[in-house]
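Participant: no sequence for this one, just the structure:
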């Protein structure tokens, strides 16, 4: 079980911003708070988890990759350093985050290696069997119908394609004061079960020490 951590940027923000405001902004960043406060929070608070997702994806230069809920675009910028012949696409329903990510990935977008889309991941704008790999970091909590979302992600993956979901488990989420009307938390086994029920095979959890918590990735393969 993770230990409570000392004063960090994350705790400072939680203390200074009303819980409901913080929770709504975490789900869909907007305005000045989204552009500055949430971008800083995501970049610093998700750094280790992003790195672990990148490591777990085991990218190849020719991969076609989709990130769901790309936020300020930091993970996409790291993936773009590896993928030189494939393409990275991202979907996020926050216009503020789309603007932030477009700035961060300007060169890769201009080169045609990154494409960003504003949209909702329950209806992805891609054909079946389109991507080799798919990832998402700290978005699972906001999916109103997780089975519907994961089934859609399964649809756009190629048979044998890999999905990697970076997340904080329910024990970790209890240490952060966030609105349970906006956030849904899951145990590690519940995340595995969600992937299995959506049609993925071999779902399992991998873990790595990180800050501010142990980082967890749920990993699975689209069945052929």
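Facilitator: Now that the structure is in, tell me what you want to look at. Source: prediction; values computed, not measured.
Participant: Point out where this structure drops to low pLDDT.
Facilitator: Along the chain, the model assigns pLDDT under 70 to residues 1-15, 17-18, 22-25, 27, 34, 177, 179.
Participant: Show me the residue at the heart of it, geometrically.
Facilitator: Centroid-nearest residue in the chain: residue 137, 2.0 Å away (criterion: Cα atoms, centre = their mean).
Participant: what are the bridge partners for that residue, then?
Facilitator: On the basis of DSSP bridges, residue 137 takes part in beta bridges with residue 166.
Participant: Now do the same contact list for residue 68.
Facilitator: Residues near residue 68 by Cβ atoms under 8 Å, 6 or more residues apart in numbering: 90, 91, 92, 121, 134, 135, 136, 139, 153. Glycine gets a C-beta too; all of them are placed from N, C-alpha and C.
Participant: Just the residues you listed: which are in helices?
Facilitator: In this view, those that belong to helices under DSSP state H are residue 153.
Participant: what's the closest of the contacts of residue 68 to residue 109?
Facilitator: Comparing the contacts of residue 68 against residue 109 with Cβ to Cβ places residue 90 closest, at 10.3 Å.
Participant: Might you report the residue contacts of the closest one?
Facilitator: 66, 67, 68, 70, 73, 76, 101, 114, 115, 116, 117.
Participant: bridging residues for it?
Facilitator: Counting by DSSP bridges, residue 90 is bridged to residue 67, residue 116.
Participant: pretty sure residue 61 is touching residue 86, no?
Facilitator: Yes. Here residue 61 reaches residue 86: they are 6.5 Å apart, a contact under Cβ atoms under 8 Å.
Participant: Which one of the two is surrounded by more residues?
Facilitator: residue 86 (18 against 9; other Cβ atoms under 10 Å).
Participant: The residue nearest to the centre of the chain and residue 51, how far apart?
Facilitator: Between residue 137 and residue 51 the computed distance is 10 Å (Cβ to Cβ, to the nearest Å).
Participant: what about the strands in the chain?
Facilitator: Remark: strands assigned in the chain by DSSP state E are 64-68, 87-92, 114-118, 131-137, 157-167, 200-208, 215-222.
Participant: Reformat those strands into a markdown table and put distance to residue 180 next to each item.
Facilitator: Compiled in a markdown table, the strands of the chain are given as follows (distance: least, Cβ to Cβ, whole Å):
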| stretch | distance to residue 180 |
| --- | --- |
| strand 64-68 | 22 |
| strand 87-92 | 23 |
| strand 114-118 | 28 |
| strand 131-137 | 21 |
| strand 157-167 | 16 |
| strand 200-208 | 23 |
| strand 215-222 | 20 |
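Participant: Among those strands, which comes closest to residue 181?
Facilitator: It is, among the strands of the chain and with distance given as Cβ to Cβ, strand 157-167, at 19.0 Å.
Participant: what comes up buried for the closest one?
Facilitator: Within strand 157-167, the residues scored as buried using 16 or more other Cβ atoms under 10 Å are 157, 158, 161, 162, 163, 164, 165, 166, 167.
Participant: which two in these are spaced the farthest apart?
Facilitator: 158 and 167 (23.3 Å).
Participant: Could you check how far the spatially closest residue to residue 136 that is not a sequence neighbour is from residue 131?
Facilitator: Nearest-residue entry for residue 136: residue 68, 3.9 Å, with adjacent residues in sequence omitted and distances by Cβ to Cβ, 6 or more residues apart in numbering. Separation of residue 68 from residue 131 (Cβ to Cβ): 11 Å.
Participant: Thank you kindly, that will do.
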